[in-house]
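> After the sequence you'll find the predicted model.
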Amino acid sequence: MKRLVATVAATLLAGTGLAVVGTSASQASTRVVHVRLRTAIRHLPVAHETRRGYDRDKFRLWIDADGDCRDTRDEVLAQESLVNVHGCNVTRGKWRSYYDHVTTRRSSTFDIDHLVPLAEAWDSGANRWTAGTRTRYANDLGDRRTLVAVSAHANRSKGDRDPADWMPHFGKCKYTAQWTAVKIRWHLTVNRAEKRALADRASHCKNVRLTVRKARVSRHRSGGSGGGGGGTSGSCEPGYSPCLPVVSDLDCGQIPDSKKPIHVTGSDPYRLDSDGDGLGCES
């Protein structure tokens, strides 16, 4: 199956004159990124956000992906407990919420926070994801920054707000770095206020080195909110000129200089227009 996906992607790339640089098409979305925090924030792609079509139920929560009897919530509780825990349903342990420094031994007083909330992820690109990708995001145990155990009070105070509107009382630098890493991992955009807030906070933090393994993201070809509307023309991803292929992900490094800059005329699913001026891959 992997060989078939790679062959199809390579065919599409060849048909449009594009080349994958340094990796195969099937591996492009799982590469590891090493970048300093301030540089990472500077290169986060900016795009308009829309809540249209959002429904929390479109993200399937708390699955038992490995069949070990612990669902995602219990897996995170087990990972973050400061003492050993036992059983499938983790009820006792010791947890400390870095948002507000609350400590508990009863898991019922803590929530598992999607550091980048589900609604914010939807606004920033998940509205085009397949249901399977949304499930993987909602239950991401591959990067411990995506899901964190925090006090219920802090989590509900945060709601679905981004860093332009909410920061934890403690650990602001940690939160800024984690937010940036999750956005990179899941190929998510930021809005202008969010980017300014991240950059401002990072200017007062250590310029730490982030290591992020990009997640595999599958998108609906029809665009919009996971079905309906839009549509592709042949093997071209709509919204770009010249034609770009329909693949799971594409970045500027995979596009030859002769094709740049890319005119972005639609929703920019590959996040090529980082400054929102209608031109992607300008440098």
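It's in.
> and Y270, how far is that from Y240?
Look at Y270 and Y240: by C-beta to C-beta, to the nearest Å, they are 8 Å apart. Just so you know, the C-beta spots here come from the backbone N, C-alpha and C atoms, and that holds for glycine as well.
> Need the overlap of contacts for the two.
Residues touching both Y270 and Y240 (C-beta atoms under 8 Å, 6 or more residues apart in numbering) are G280.
> and C69, how many residues sit next to it?
10 (other C-beta atoms under 10 Å).
> wait, it sits on C88?
Yes: when contacts are counted by C-beta atoms under 8 Å, C69 is listed as touching C88 (3.9 Å).
> Mind listing residues that contact stretch 88-101?
Here stretch 88-101 has contacts from 69-70, 74, 77-78, 80-85, 102-108, 110, 113, 148-151, 153-155, 158, 168-171, 174-175, using C-beta under 8 Å, 6+ apart.
> Which of the residues you listed fall in strands?
Among the contacts of stretch 88-101, the residues falling in strands (DSSP state E) are 103-106, 110, 113, 148-151.
> most surrounded residue in the residues you listed?
F110 (26 neighbours).
> For that residue, list each beta-bridge partner.
On the basis of DSSP bridges, F110 is bridged to S151.
> Hmm, R52 and W122 touching each other?
No: W122 is beyond contact range of R52, at 9.2 Å (criterion: C-beta under 8 Å).
> More neighbours: which of the two?
W122 (28 against 10).
> Using TSV, lay out the ones in strands among the contacts of stretch 88-101 together with pLDDT and distance to D251.
Converted to TSV, the ones in strands among the contacts of stretch 88-101 look like this (pLDDT from 0 to 100; distance: C-beta to C-beta, whole Å):
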residue	pLDDT	distance to D251
T103	98	42
T104	98	42
R105	98	45
R106	98	45
F110	98	37
D113	98	29
V148	98	28
A149	98	33
V150	98	32
S151	98	38
